[in-house]
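Asker: quick one, fold the following:
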Amino acid sequence: SFVRYNHDVKVLGVLVLCSSYVRKWSDEEISLLKSISETVVEAIWGIIKLIEIEELRNTFILTLAHDFQIPLIGERNALEFIASKPDNEPIGRYKDFINETIQSNKNLFSLLTKLLETYYYESCKKQINLRNCSIFEIIDEVVSDLKNFAQSKLISINIDIQTDLPKIKMDKNEIKKVIYTILENAITYIQDNGVITIKSHKLKNEIITCISDNGPGISFAMRKRIFQRYAMAIATDRKIGAGIGLYLAKQIIEAHSGKIWYETEIGKGTIFCFSLLYEEE
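Answerer: The predicted model follows:
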């Protein structure tokens, strides 16, 4: 068998050697056969990796093309509309267009920032500043930041934090990005008048934080790709940068020696959880 060991075992094919008569293969023949099979495995494996890299590159390019095209087209249309008006007409009448352009610019800046951050994590150049922080304080800040967004969709956010949780040694700004990404996604994809619940509790030497919603759930096609780099959402209304936020969240949690996972059910909702270690005092 052509087998490749790389974290997991992959059977690439089977080599069958036949003889027209019963015979015993010599050590030299067996050694030659092993050399041939190993060479074939290396060649096949190299081709497979090239195909995977090409697919990743194509997915990355398609994701960027999508994420950059939409806001840029919106900005251009808004600016062309404003520029077409008479010079003596008050610009204040077009404040909505200007605000939309500003928001589009912010979305692009956010996307570029996430791309740079994933690069730093992938290249092991990211430095995290660990200090004892309260997970409750971070959750409270994120909920406050996204309060208006949730209210615009009449979404209720319930917080259920276990009392007297110990502080965790972590990079507050990085963990805040994780919670912000998960909560923002929940608000984005949940229906109006939906309910989101944030829970945090202690289990052995871990603090586990979960954000659940009663939204539509994650489609079967997306479940295996949800934390993948540049995974493209299938939904037609996916938000800008959706293909990288959760991937970055996974990098952040793993950099803290934690774990991140999710559970989902179509029509009933999704729950994202992550765990962080804490030291007993």
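Asker: centre of the chain versus stretch 118-133, how much separation?
Answerer: 16 Å (CA atoms, centre = their mean, to the nearest Å).
Asker: same check, this time on stretch 261-281
Answerer: 14 Å.
Asker: just the CA trace of it, in CSV.
Answerer: The C-alpha trace of stretch 261-281 is given here as CSV (Å, rounded to 0.1, in the frame of the first residue of the first chain):
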residue,chain,number,x,y,z
TRP,A,261,-15.8,24.4,19.4
TYR,A,262,-19.5,24.6,18.5
GLU,A,263,-22.8,22.7,18.4
THR,A,264,-25.6,23.4,16.0
GLU,A,265,-29.0,22.2,15.0
ILE,A,266,-31.0,23.3,12.0
GLY,A,267,-34.0,25.4,13.0
LYS,A,268,-33.0,25.5,16.7
GLY,A,269,-29.8,27.4,16.9
THR,A,270,-26.1,27.3,17.5
ILE,A,271,-23.8,27.5,20.5
PHE,A,272,-20.1,28.5,20.3
CYS,A,273,-17.9,27.7,23.3
PHE,A,274,-14.2,28.2,24.2
SER,A,275,-12.2,27.2,27.2
LEU,A,276,-9.3,28.9,28.9
LEU,A,277,-7.1,27.5,31.6
TYR,A,278,-6.7,29.3,34.9
GLU,A,279,-4.2,28.8,37.8
GLU,A,280,-5.4,28.0,41.3
GLU,A,281,-4.3,30.6,43.8
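Asker: and the helices in this protein?
Answerer: Per DSSP state H, the chain carries helices over the ranges 27-83, 95-122, 135-145, 147-152, 172-189, 220-223, 245-255.
Asker: any chance of these in CSV, plus mean pLDDT?
Answerer: As requested, these are arranged in CSV below (pLDDT from 0 to 100):
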stretch, mean pLDDT
helix 27-83, 75
helix 95-122, 78
helix 135-145, 95
helix 147-152, 95
helix 172-189, 95
helix 220-223, 81
helix 245-255, 92
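Asker: nearest to residue 21, out of these?
Answerer: helix 27-83 (14.5 Å; CB to CB). Just so you know, the C-beta spots here come from the backbone N, C-alpha and C atoms, and that holds for glycine as well.
Asker: thinking again about what came up before, and the helices of the chain: which comes nearest residue 264?
Answerer: Once the helices of the chain are compared by CB to CB, helix 220-223 is nearest, at 7.0 Å.
Asker: hang on, the earlier thing: between the helices of the chain, which gets nearest to residue 210?
Answerer: It's helix 172-189; of the helices of the chain, that one is closest to residue 210 (CB to CB) at 9.4 Å.
Asker: in that closest one, what's buried?
Answerer: 172, 174-187, 189 (16 or more other CB atoms under 10 Å).
Asker: what helices or strands is it leaning on?
Answerer: strand 131-133, helix 135-145, helix 147-152, strand 195-203, strand 206-213, helix 245-255, strand 269-277 (3 or more CB pairs under 8 Å, 6 or more residues apart in numbering; DSSP states H and E).
Asker: before I go, just wanted to say thanks for your time.
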